[in-house]
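[1] mind looking at a prediction? Sequence and model below.
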Amino acid sequence: MSSPALARLERPGWLTFGAAVLIAFGCLRAITAVYYFANSHRVNNLTYGAFGNHLFLWGLWDVVIAILAIWGGYSLLGGNVFGRVIGYVWGGLVLIQSFLLLGSAPWFGAASLALAIFVMYGIAITSDWRDTSASTA
């Protein structure tokens with residue numbers, strides 16, 4: 001007989017890793033969106049990017065990614081299907097943006113690419129896990 005506290009510890013590590021990365025990356029993307037909206041001088045030259053030098057559009061893009069990441073991360077902690085779908089959509093968006101940013105910010109683009117791949121891998125290999133502690137309480 002397991003308690004609800006012990007049932008929470010049985011969450012697969014890859015799923016927890018994916019949720020933590022989604023939440024952390026979403027918070028960082030919210031911060032970068034603020035920089036884009038403020039027309040900060042700290043932003044790299046994005047003239048050759050998909051949105052050109054329109055920092056407001058880059059900010060909107062980052063807000064969308066941040067919302068998806070934080071929402072999906074919290075949902076993934078419970079193993080919900082909704083969180084998995086959001087995680088895959090977020091991963092796809094980050095993959096697209098990573099390739100778009102490789103020319104202007106190669107290290108950031110490569111790191112984003114790797115994290116998106118790891119999160120999608122973690123979601124894929126833990127597809128059968130569900131948090132059952134909420135239903136037994």
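    Arrived safely, thanks for sending. Numbers count the residues shown, from 1 in each chain.

[2] could you check how far residue 56 is from residue 122?
    Residue 56 is 33 Å from residue 122, where distance means CB to CB, to the nearest Å. Backbone N, C-alpha and C define where each C-beta goes, glycine included.

[3] scratch that, residue 37 is what I was asking about
    For residue 37, the distance to residue 122 - CB to CB - is 31 Å.

[4] show me how far stretch 99-118 is from its chain's centre.
    13 Å (CA atoms, centre = their mean, to the nearest Å).

[5] cool, and stretch 69-81?
    The answer for stretch 69-81 is 10 Å, by CA atoms, centre = their mean.

[6] likewise stretch 60-70?
    8 Å.

[7] ok, and for that stretch, which residues are buried?
    61-63, 65-70 (16 or more other CB atoms under 10 Å).

[8] more neighbours: residue 56 and residue 122, which one.
    For residue 56 and residue 122, the more surrounded residue by other CB atoms under 10 Å is residue 122, and the numbers stand at 22 against 11.
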